[in-house]
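1. Okay, predicted coordinates and the sequence, questions at the end:
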Amino acid sequence: MWMGMEIESEARMGYSVGMKGQFGGVIVLRPFRFLHTADIHLGTPFVGANQRVSEAWLERLKDASYRVFERIVRAALDHDVQFVTIAGDLFDSASVPMSVFFELRRGFETLQRAGIKVFLCHGNHDPLDATHPFTWPDNVVTFPPIPASLSDDDVVASHVFETAGQTRVQVSGFSYRSPQLFASLAAQFVRRPDVDYAIGLYHGVVGSASGHANYAATSLAELEKRNFDFWGLGHIHQAGVLKPQNPVVLYPGNPQGRHIKESGAHGVYLVDVLEDGRTKLQFVPTDTVRFATVKLALDDIEDLAEVREQLRDEIAHVMQRNAQHGGGVVLRIQLSGRTRLHNVLSGQEVDMAEALQADLEHLQWPVCIERVDVETEPPLDRAALAHSRTFVGEVLRLCDDYRQDAEATRSALRRLLQDLFHPGTGLSVDNWSDEDVLQLLRDAEMKILSQVEKAVDAT
Amino acid sequence: MMFHSLSLYGVGRHNGTVLDDLGPGLTVVYGANESGKSTVLAGIRGILFGRLTMAERAIHPGRGASGSLVVSNADGTMYHLERALSRKSPLKITSDTGIVGAGQDVLKEHFPELSEVEDAVYRTVFSFQLAELTDLQRSDAVLARRMFSLGATGGVSPVELEAFLGQAAKSLFNPDRRARNARLNQCLSELEAVKRAWLDKRDGVESYERLQAQVEKLRRERLRAEEQWHETLQAKQRVQKRLEALPLHQALVQRMEALRQVTPHTPVTEEAVSALAVCKERIAGAQQRVEALVKQQAELEKRVAEMPAVHLDAEDVVRVHQLVMQSSGVLQQEQALAEKMDELRETERQRVELRKHMSPLWTDEALEGAETGSEAVASVQHWHGQWEHWERAVDALERQLAAQDRLHREQLQAYEAACRERLGTVPSVQQLRAEEAAVSHVLERLAEDEWVWSDGEREVEQLRRMDAEWVVLQDEMRPAQAGASIPLAGVFTAAAAVMAMIGATPTWLATHSFLDVGVSVVGIGALVFGLWWTVRRRVKASDDSSSAHTRQLRAQREAVRRALTDRMNQLRSFTQEEKTRLKPEEVRSTLRDKRRVYEADKERFAELVALGLRAQETKAERERQARELADARAQQAQVREAWAQWLRRYGLEQSEQTPASFHMELERVRQYKALTSRLREQRQVVETLQRQVESFCREAEHVLSRGMESVLQGEVAVTVESGSADWIPPAVSVLCERLRRAEAAIADVERRNAERQRMADRLKQVREALTVAERELRERTDEKSKWYKDFGVATDEQYAALLDTHAKVKRQEDEVRELQYQLYGMFGSQAAYEAEVSGLNEATRDGLEQELEACEAAVREAKQQFDTVTRTLNQLEQTLATWEDGPSALDLYWRVHQLEDEKRALAREYAVHLLALHLVKEARHRFEQAHRPKVLELASRWFATMTHGKYVQLNVHTGERGATDLTAVDAQGRAWPVLELSRGTQEQVYLALRLAVVGEYAEQGVVLPVILDDPLVNFDPHRLSAALSTLRDFAEHLQVVYLTCHRDVLAFAEADPCVQLRYLDDNDRVSSGRV
């Protein structure tokens, strides 16, 4: 059973009134339905969630990753869509196993047998240069890349076809030739005059998107200028409707979350274009595993039993939120706060995760504890310590100095980690953002304070 | 913070204000040992920080122990700090304005300097005693950290932290690629291997799909080839079947034709034939049964006729059974009778034997008469007792008399021997007793003389005892003389004087002449008389009101007075001449010697008298026993006379019997009578048994001779003859045997009768069965005739011919059916055969053989095609399986990402550890730069002052492992490890370090009072003076309290006007000022 939320757009296609003619000012279209998705990342392994999970959960995660396209195909068939649009990043990388391609081809063939077209863009994860030479069935339309030397006259490729109701639909889009593409290509989208409904497929950043590479960055205003009816975006993994009308602009998000930062429901959008020109959006979840984070502040807690009880309550709350989902939940536990339990919990993350997992399995809850982050602090007055003339105060002041200068910290890290962070190991300090570096600094500071606190406890 | 006063309650020996009027500068508190100086130190620590060390707890035994401090802060505000020290309780803080609050936090609010100083630091740096002086570098983590923070010692904790972080980082990653234990190294190695495996798998898998498609295609082809092969095989099998079935089919056609030509002429059915056969079998059976029954009937009739019936009387039979059952008991009775007879005869024999040994006195009548016997028995028993008693008495007395004679002779001999040995003659006992009395009299005189010539001690003792009795009497009289005001004090004073004089008498007598003694005695007598006179007058004055008790006491007093007077008179009886002529000592010695001689004589006489007396006593005893013997012999003669009279009474004077022999005779009489009684009883038993056996025999004879005569035919009859004992044993046993035989005969007759009855019953049954069998034979014969009529035959021969014809047709039909079944089997079913019939009718063998050859060729071709495809498919499937063996590319791909995740996580953890390590190192560097030199500079300065410039500097170095190396540099620039310095110099080092640390704190605004509990006791006067001067200078802007018990320190304090002095005295209060 497919569940989803509906977002109804009140948009009217003003430009199409003139093109189609009208009866008493009312636009008349033959309604049709299509499915928009992006960032499927086929073959993606789950980041961070597969290190210490049980075999059963490992199989479950693999199934969630490799069979996501099968679920999209099923959604398309169940909802009787006329075509499917994919706005980039179909594969996680060019090096995904061959079986993923076979699986994908079987899905395309299934759609072909149902008479469903597929409009496919390649994104930064699956650029055309790196993709396996594989021939898709005839129902798959792959958008070509734009020329390397882009000129103002260049336009992206468009395909015009008639739906079963003889509505002429234009679908325009482009593929990434290489993993990096930074120029905005919004201007290369041109609506053809003879179509009833124009759809633009755009894999890139629209507006601002923190945490994502700034590929093909453009703005919502740029897209609005293109007179398209629907902008199916890709690249941002969190679903969101940027503009519900005139035109509809949305990120469908990836159909299956891949790591803890991609929490919440993930799926595809069913787009119903109605007779009166309105667009009705329906979100259809396609994820079988969801990610969630439980944060618990232990400021007033000094008993591990109470920690366990509160965690169970929080997890139960998460389960309740995802009660209609029916799938499994991968949880990250984040413990914070200033507590006397800091020294007990610190360094016991793995044990605690295993204990919690055993606890939940005993309850038969479909929950997998991905990780337990102990971000608690010892019950020390940091401000007072930092102002004291003690050695710890000196350490804290030094930390504060580093905190003020992230680049100095990064340089120090480069120097300290040069034995390990080099191309041979695939590790680089530069891959860390400033936030990561600051978090690292904070963890180092906590490590020191924990030892200080342990020494105090020991005395 | 500054202390103003300290009060301790129930702490150690303190129970009130201990110190007051404390101020800035150096204050020396002087107190002797055990005056509670250490308690003061512990009290201050306890009030400020609550926690006490184990040693300090021993100082606070009281439950209500508490302490209070009056302190002021930097603003000059006064606070009163109070805490119960016997338990964990919060600090209570009050000020002039009221209660400020409770707890350490509140204290730190008002004294922020305490926030900078941990408990351990205050205990070690600001308040310490001698034992703690060199304890600065102990492994106390808090203290070590704190000291390090002040630069006073090495950085133990930071270096430990560095070691921990370095070790943790190394456990995560080791740059040496050969290291295998580090987790990241392991991860990287595995990642490399898995990635390589995955790439190998991925690069080779491109043809996988093509291969798989080929396999699929070949599988389909193999399926088609297999189907074709099966089709050709089936065609070939069909032709083969036709060829095999052709001869059978042709034979079947021929048989069916032949069968059609045989027409059955009689309607013979299988059922009818079977029914007739059954009928015939039943006729034969019935005939056999009739014959057998007839034969059986004849035999039974014959046997019944041969066995006549015999009648048995039931009552007799029952009686025989009963007698047989009784027979065993009767046989036992018979056995018992024989035994009783034997016993009876034995008793009779014993009685006759006994009678032979009895005296003629006992006639049969006498023995039968119980009264005469009883009288004789009683008389004989009486005289036997008397006779025996006096015989034994005379004998015993004669033996005693002989023993007394021997004893008397021995004693007399001993007496005479002793007398001759000691006196030379043998006087009588009376003479000896007179001599003894004379010696005793002489001894008494000697004792009197000796008493007279004694030195007066006894008299003095007597007088003293009398005085004591007199005082007691006076005390007892006092209540009786209520109201009488006797000047007893004067009397007692006089008596005491007399007593004193008398008490000196022995020594005085030894050194003075008799005249002096006499004068003194007279004086004493006058005094005593005066005393007596005074007492008498006072007593006389109270006579009117005295009671009987008073009178008694007065009588006692009179008696004492008289005794006293007698003694005084005796003393006075010696003339002066006698006292001059005789020397008392010689007289007393002579008298003592004489007394010893007389005492020896007295003892000798006493012993001889005792010997003589014992001989006399023995003699008297012998005479008494001789009298008793004579009496006993008289009694014995009387008894003998009486016995003679008894014998005469019974006419036995010639028998010369004694009571003893008659007593034995009487015993035999008793035995004779007992045997007679037993004989009588045994006869009764024998008679009873004889009657029972005879009764049994008579009844048995009656039953056997009369009741069962007809049955037993006289063979067990018996005749019983009574009246003689000899017949019984054989008759009884014979009777019992005959009874058993009769019982067996009865059983045999009963068995024969039962057998005859059974045969009669069987005969009856046979006759009934014969009737039934004859009836059935008739019915079956009629049925057979009916069947023959139906078959149209009259005789058995005609019927057999009819059956032969019918069997022939049946055989032909079976052959046709067999052929049909074979053909059905060949073709699988009847329908399949019938479908082939038309073809078979038209087919020929040659045609079918040609068709078969063509089919075989097609099969070979199809099989070859199938094998080719299968072979190819197997090869491809094997290739495919080779690819699919081991982990799939998908699994490897997943594992690569797993390891990538793990690598990133471990790398991050490693980065955290390295960064932490870097932070610690850099912070330590900064810290040491900022702090250490200043403290060391101060310490060096104080140290140089205390050592008068012998040492000029202190240095601290922290090694890589956190070891602290403290050195002292002398004036010549040589560095000496502190541990190698003398004890006194070491203590100077640590005192200087403490002062430096305190000074450093003070510069940071942390100003706290310093309490020292005599830490300088090991210093020589020179060093002590230097150290105290240093302390005085150091305390210029601080408060230092120095607790001591040493005079040198006291002298220093007294001499130095800048030093305040307090005394810790016994009144729990320090007296201020100086001496």
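-> Cool, got the structure.

2. Can you pull the domain assignment for chain B?
-> B:313-328+B:683-765, B:480-581 (automatic domain parsing).

3. so who does the residue in the stretch 951-1075 of chain B positioned nearest to chain A touch?
-> Proximity of the stretch 951-1075 of chain B to chain A (C-beta to the nearest C-beta) peaks at B:Q1004, 6.5 Å away. For the C-beta atoms, the positions are set from N, CA and C on the backbone; glycine is no exception. Residues in contact with B:Q1004 (C-beta atoms under 8 Å, 6 or more residues apart in numbering or on different chains) are A:R389, B:E116.

4. What ranges does the stretch 751-900 of chain B have for its helices?
-> B:796-827, B:830-842, B:845-884, B:889-946 (DSSP state H, counting those that start in this stretch).

5. actually the stretch 51-200 of chain A, not the one I typed
-> A:55-66, A:68-78, A:98-113.

6. which helices and strands sit right next to the second one?
-> On a contact count with 3 or more C-beta pairs under 8 Å, 6 or more residues apart in numbering or on different chains; DSSP states H and E, helix A:68-78 meets strand A:32-37, helix A:98-113, strand A:267-273.

7. Give me the below-cutoff pLDDT ranges for the stretch 651-800 of chain B.
-> Applying pLDDT under 70 to the stretch 651-800 of chain B flags the ranges B:652-656, B:706-731.

8. got TSV for the helices of the stretch 51-200 of chain A, with mean neighbour count and mean pLDDT too?
-> TSV is the format used below for the helices of the stretch 51-200 of chain A (neighbours: other C-beta atoms under 10 Å in any protein chain shown; pLDDT from 0 to 100):
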stretch	mean neighbour count	mean pLDDT
helix A:55-66	18	83
helix A:68-78	20	93
helix A:98-113	18	87
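
9. right, so of the ones you listed, which gets closest to A:I260?
-> A:I260 lies closest to helix A:55-66 among the helices of the stretch 51-200 of chain A, at 12.6 Å (C-beta to C-beta).

10. Of the helices and strands packed on helix A:68-78, which is nearest chain B?
-> Comparing the helices and strands packed on helix A:68-78 by C-beta to the nearest C-beta, helix A:98-113 comes nearest, at 5.1 Å.

11. Which residues outside the closest one are in contact with it?
-> Against helix A:98-113 from outside (C-beta under 8 Å, 6+ apart): A:42-43, A:66-67, A:69-70, A:72-73, A:76-77, A:84, A:90-91, A:117-118, A:132, A:134, A:136-140, B:202, B:205-206, B:208-209, B:888-890.

12. Over to stretch A:310-330?
-> Contacts of stretch A:310-330 (C-beta under 8 Å, 6+ apart): A:3, A:46, A:49, A:57, A:60-61, A:64, A:260, A:265, A:285, A:287-292, A:294, A:296, A:301, A:331, A:333, A:356, A:359-360, A:365-368, A:370.

13. what number of residues lie near residue 92?
-> Let's take chain A. 21 (other C-beta atoms under 10 Å in any protein chain shown).

14. if you could check chain B rather than the one you did, that'd help
-> Other residues close to B:K92 by other C-beta under 10 Å number 18.

15. Who are the contact partners of it?
-> B:L81, B:E82, B:R83, B:I99, B:A102 are the contacts of B:K92 under C-beta under 8 Å, 6+ apart.

16. re earlier: which ones, among the contacts of stretch A:310-330, also lie beside chain B?
-> A:F46 (C-beta under 8 Å from any C-beta of the partner chain).

17. and residue 205, what pLDDT?
-> Here I'm looking at chain A. Per-residue confidence at A:V205 stands at 90 (pLDDT).

18. Correction: the question concerned chain B.
-> So, for B:V205, pLDDT stands at 55.

19. B:L312: which of the helices of the stretch 51-200 of chain A is closest?
-> helix A:55-66 (100.6 Å).

20. Now do the closest one against helix A:98-113, angle only.
-> 50 degrees (axes from the mean of the first three to the mean of the last three C-alpha atoms, to 10 degrees).

21. In CSV: the helices of the stretch 51-200 of chain A, plus distance to B:T676.
-> Output for the helices of the stretch 51-200 of chain A, formatted as CSV (distance: least, C-beta to C-beta, whole Å):
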stretch, distance to B:T676
helix A:55-66, 118
helix A:68-78, 135
helix A:98-113, 136
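
22. Assign the residue nearest the centre of chain A to helix, strand or coil.
-> For chain A, A:H237 is the residue whose C-alpha lies nearest the centre (C-alpha atoms, centre = their mean; 2.5 Å). Secondary structure, DSSP: H, G, I helix; E, B strand; the rest coil: A:H237 is coil.

23. got a list of what it touches?
-> Counted by C-beta under 8 Å, 6+ apart, A:H237 has contacts A:D39, A:H212, A:G253, A:N254, A:G257, A:R258, A:E262, A:H266.
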